[in-house]
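K.L.:
predicted structure and sequence below. I'll ask about it afterward.
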Amino acid sequence: MKALYSLFLVFALAAIALVGAGALGMERTFGLYIPFLAAAVFVVGFCWRVVQWGKSAVPFCIPTTCGQQESLPWIKQSTIENPSTTTGVVLRMLLEVLLFRSLFRNNKPQLYSDTRVRYASSKWLWLGALAFHYSFLIIFVRHMRFFTEPVPAFIRGIESVDSMLQIAAPTLYLTDLIFITAVTYLFLRRVVVPSIRYISQVQDYFPLFLILGIGLTGIFMRYFAKVDIMAVKELTMGLVTFSWKVPQGIGVIFYVHVFLVSILLMYFPLSKLMHMGGVFLSPTRNMNCASRKFRHINPWKFENVHYHTYEEYEDEFREKMVEKGLPVEKPL
Amino acid sequence: MSTLPRPEELYANINHTPPKTDWMDVPVDIKPGRYCYAANPESLNYVGFPHARKWNPLDEDWKLPENWKEIIFNGIRERLDKYRSFKVFMDICVRCGACADKCHFFIGSGDPKNMPVLRAELIRSVYRGEFTTFGKLLGKFAGARPLTEQVLKEWWYYLFQCSECRRCSVFCPYGIDTAEITIMGRELINLLGLNIDWIATPVANCYRTGNHLGIQPHAFFDMIDFFCDDIEDITGIRPEPQFNKKGADILFVTPSGDVFADPGTYTCMGYLILFEYLKREYGLDVTWSTYASEGGNFGFFTSHETMKRLNSKIYMEAARLGVKWIIGGECGHMWRVLHQYMDTLNGPEFQSPNMIVPTNPITGTVFQHAASTKMIHITEFTADLIKHGKLNLDKSRNAGIHLTWHDSCNTSRGMGLFEEPRYIARHVVEKFTDMPPGTIREETFCCGGGAGLNAGECEELRMMGGLPRASAVKYVHEKYGVNMLGCVCAIDRAVLPGTMKYWVPEVSVCGLHELVGNALVIPGEKEREVNLRGEDLPGKEDE
Ligand code: SF4
Ligand code: SF4
């Protein structure tokens, strides 16, 4: 049901763009105003959210330690999983952000008869997530050729590697394939695995469909509808140089694509997609594990904390202590 | 108390397929055997917790204060500002489910609300509805729901089905620590007086007498004295521990569970033997304290503030006695508190400037990694002694034991203490076999009774939660003949014997220093016939 809602929602959005930019001829709105607004919402919203998080205190040093601590010199420390230096912490974060280290650890318990539980390694989610995020990144970088003139060499480089197989004209990008496969996997996983379906919400399906919609419209545009690339570039360059103009005859599918992207940009700061920013702020990963070596300072104070002092303790138990010959501060 | 099903029955009933109904529409069903009794109001009052009253989780009416919602909302608001962890963890979960099947309570019970992600969603859904624009506008569509009494009951039930073991956090791509969320959740429901007695009463005891069990100073003395009698019987040598001694070099603090119940008591005897040995051989000057007679900190299971209040005694006592540094015993969450909170909480306020960076006077080792807290773990201390050849160990006395190692959650995921205990273990027993990867070290499983869930009435929950641990033990028992499960946590020593008896009856549980105590040859001791448990030593059975 939740998946259907989300699918319907994405269709509705596509329809809005179809009608708006197509039948109603609102090309300026869908080609310039909305994307610009979306980009602004994204940037401002993203920063605002990160600043909001940053404003909250980090009162305690609470990293999750995933390896041997620094202790005696002859015991080998796990310097990345249980770092006690800044370099270690940075490496730990890099492994997490670039290679999804924690997901790589994933395993699956299996219940056998005779009260046995076994664990099998399960790397599919890791692989799917990695494929999804990296192909998304490459596609994003490739798109920069629409916003740059001349197009920087590294973008051209990425493009030529990406179209290595030289299939079809225009040549097929490998990342397009990987991207669609990965998104489909991530979606299927949500509907097929019962426990994952149980925890999934509209908010989980919606971005998946939205991103899939963006991917499919993009592919359709490039390989089938074959929109006028020069005209598109004219529009996008106009957008970034603020000399806004809308060339004729780009084709309505382009506006659908751009509209979905705009929705994604605006939805981003409001949603779980903010994990992109949040991953850097997670205290369990980005803190130094040497909390016995260096004092971590809590910026706020506990108020009205009462302690049970030794004096009060001795006052209550003095007699019994003296009887046992335990030392006391004040004699009976 | 409920009756516990047989292991095979319990096992056969585990079903990991969740119901068809949306989880928000499944009402909470508080099952006997899976929840703990409500806190005794006297205990809550003793430490000044709000809204102490008699109530029963099974009753319809929980006698909540009139403005309970406001209290919760204000509590959430305050914590969002004070703890970035809480705020970030409320916002960035993508519900990928990597953590879902990592919780021992989910593996063992199949209850979908024991999936860490869903446990967190119980709170997150309310947060979304009340604190985010999106949630306010779109309601259920955005995964939000209003806070109702039903929801509160669900919080209570599932917050006390989390042992704050942090295993889920290891697998989460963002390090989301459901234990951290549970801590906040428990703080919140504490504002309404909704604690459980197995936590509240130890907290009150600890505040008053210095330890969770409420052992008063004279009784504490007697209990240790009683161990000294036993040690004298076994070795011919009587340890003479010092109590509350001003001017001692080192303060020793261990969980009071070790003084109270088997098999922790044998571990305690191990400490006594070790310190006596070091006193006789090298003149080491260690004192125990009756005032700071608790390493564990049940305050951690109620609120940060209570944790601070209970923890303060260790530094206060160290300062009063004028010791140079502190050794801590084999305890689980004591070490999480010590490693990640103690110095921040009480260092500036109570730590005496006269303390020095812990330095082993016998080996000369300076424990630089504890430079600020001035407190080291006893296995760090003992491992260092062994490395320098300072202990005379006869591991043949543990020859009947084939040991495997249970990494306790808190020393693992809140500290990273893995090699020190294994190093010691290999020097005091002949046969040592680790459990399979994926069940040890940072991926270790909880005993199922951490964070205050060791009450008699929630035994069924504990057996469910203990299944993954027990299953790994069973594997090495059947494959290699392992018959002893070692650990460095007093809760483990209290919980695991029952869990083993239930799932793998052939395996017993011990602390590490029990084995050290068995192996250590004290100069002038008589020939030992029995181990610290009073069982015949291998080869001595027939004499
Ligand atoms: S692993 Fe982390 S992000 Fe994934 S569902 Fe669990 S808490 Fe959420
Ligand atoms: S902290 Fe431990 S008990 Fe709590 S949800 Fe995570 S795995 Fe389960």
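P.N.:
Yes, it's here. Ligands and ions are numbered 1, 2, ... in the order given.
K.L.:
okay, the residue in the stretch 401-543 of chain B that chain A sits nearest to and A:Ile138: tell me how far apart.
P.N.:
Per C-beta to the nearest C-beta, the residue of the stretch 401-543 of chain B with the smallest distance to chain A is B:Gly416, at 3.3 Å. C-betas here are computed from N, CA, C, even on glycine. Noted for B:Gly416: a distance of 37 Å to A:Ile138, by C-beta to C-beta, to the nearest Å.
K.L.:
for A:Met274, same thing?
P.N.:
The value you get for A:Met274 to A:Ile138, if C-beta to C-beta is used, is 22 Å.
K.L.:
what of B:Val337?
P.N.:
The gap separating B:Val337 from A:Ile138 is 46 Å, by C-beta to C-beta.
K.L.:
so what does the residue nearest to A:Ile263 when sequence neighbours are not counted have for phi and psi?
P.N.:
Leaving out its chain neighbours, the residue that sits closest to A:Ile263 by C-beta to C-beta, 6 or more residues apart in numbering or on different chains is A:Leu13, at 5.7 Å. Note on A:Leu13: its backbone torsions stand at phi -60, psi -40 [degrees, to the nearest 10].
K.L.:
check contacts around A:Leu13.
P.N.:
Going by C-beta atoms under 8 Å, 6 or more residues apart in numbering or on different chains, A:Leu13 touches A:Leu210, A:Gly213, A:Phe259, A:Leu260, A:Ile263.
K.L.:
looks to me like the third one is in a helix.
P.N.:
Translated: A:Phe259. Yes - membership of A:Phe259 in a helix is supported by DSSP: H, G, I helix; E, B strand; the rest coil.
K.L.:
neighbours around residue 224, how many?
P.N.:
Assuming you mean chain A. As a burial measure, A:Phe224 scores 9 neighbours (other C-beta atoms under 10 Å in any protein chain shown).
K.L.:
you looked at the wrong chain, it should be chain B
P.N.:
B:Ile224 has 21 neighbouring residues, counting by other C-beta under 10 Å.
K.L.:
for the residue of the stretch 401-543 of chain B closest to chain A, give me the pLDDT.
P.N.:
The score at B:Gly416 is 95. That number is its pLDDT.
K.L.:
which element is the closest residue to it other than its chain neighbours on?
P.N.:
By the measure of C-beta to C-beta, 6+ apart, the closest residue to B:Gly416 outside its immediate chain neighbours is A:Gln69, 3.3 Å from it. Taking DSSP states H and E as the definition, A:Gln69 sits outside all helices and strands.
K.L.:
correct me if wrong: A:Gln69 contacts B:Met415.
P.N.:
Yes - with contact defined as C-beta atoms under 8 Å, A:Gln69 reaches B:Met415; the gap is 5.9 Å.
K.L.:
what residues are up against B:Ile71?
P.N.:
B:Ile71 neighbours (C-beta under 8 Å, 6+ apart): B:Pro65, B:Leu191, B:Leu192.
K.L.:
got a winner among those residues for most neighbours?
P.N.:
Neighbour tally across those (other C-beta under 10 Å): the maximum, 23 neighbours, falls on B:Leu192.
K.L.:
report pLDDT for it.
P.N.:
B:Leu192 is given a pLDDT of 97.
K.L.:
now it: how far from B:Leu461?
P.N.:
Counting by C-beta to C-beta, the separation of B:Leu192 from B:Leu461 is 22 Å.
K.L.:
for stretch B:18-33, give the mean pLDDT please.
P.N.:
94.
K.L.:
actually stretch B:239-258, not the one I typed
P.N.:
95.
K.L.:
stretch B:309-319 too?
P.N.:
96.
K.L.:
for stretch A:95-108, same thing?
P.N.:
Across stretch A:95-108, pLDDT averages out at 95.
K.L.:
now do the buried residues in it.
P.N.:
Residues of stretch A:95-108 classed as buried: A:Leu95, A:Glu96, A:Val97, A:Phe100, A:Arg101, A:Ser102, A:Leu103, A:Phe104, A:Arg105, A:Asn106, A:Asn107 (neighbour count, 16 or more other C-beta atoms under 10 Å in any protein chain shown).
K.L.:
I'd like the next helix or strand past the host helix or strand of B:Val88.
P.N.:
Element membership of B:Val88, judged by DSSP H and E, is helix B:84-91. Using DSSP H and E, the helix or strand that follows helix B:84-91 towards the C-terminus is helix B:104-109.
K.L.:
then the helix or strand that that following helix is followed by to PDB, C-alphas only?
P.N.:
Next along the chain after helix B:104-109, taking DSSP H and E as the criterion, comes helix B:116-131. Output of helix B:116-131 as PDB, limited to C-alpha atoms (Å, rounded to 0.1, in the frame of the first residue of the first chain):
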ATOM      1  CA  PRO B 116      16.600  -1.800  16.900                       C
ATOM      2  CA  VAL B 117      15.300   0.300  14.100                       C
ATOM      3  CA  LEU B 118      11.700  -0.200  15.200                       C
ATOM      4  CA  ARG B 119      12.500   0.300  18.800                       C
ATOM      5  CA  ALA B 120      13.900   3.700  17.900                       C
ATOM      6  CA  GLU B 121      10.900   4.400  15.600                       C
ATOM      7  CA  LEU B 122       8.600   4.000  18.600                       C
ATOM      8  CA  ILE B 123      10.100   7.300  19.800                       C
ATOM      9  CA  ARG B 124      11.000   8.700  16.500                       C
ATOM     10  CA  SER B 125       7.400   8.600  15.300                       C
ATOM     11  CA  VAL B 126       6.400  10.800  18.200                       C
ATOM     12  CA  TYR B 127       9.300  13.100  17.600                       C
ATOM     13  CA  ARG B 128       8.300  13.400  14.000                       C
ATOM     14  CA  GLY B 129       4.700  14.200  14.800                       C
ATOM     15  CA  GLU B 130       5.500  16.800  17.400                       C
ATOM     16  CA  PHE B 131       8.900  18.300  16.500                       C
END
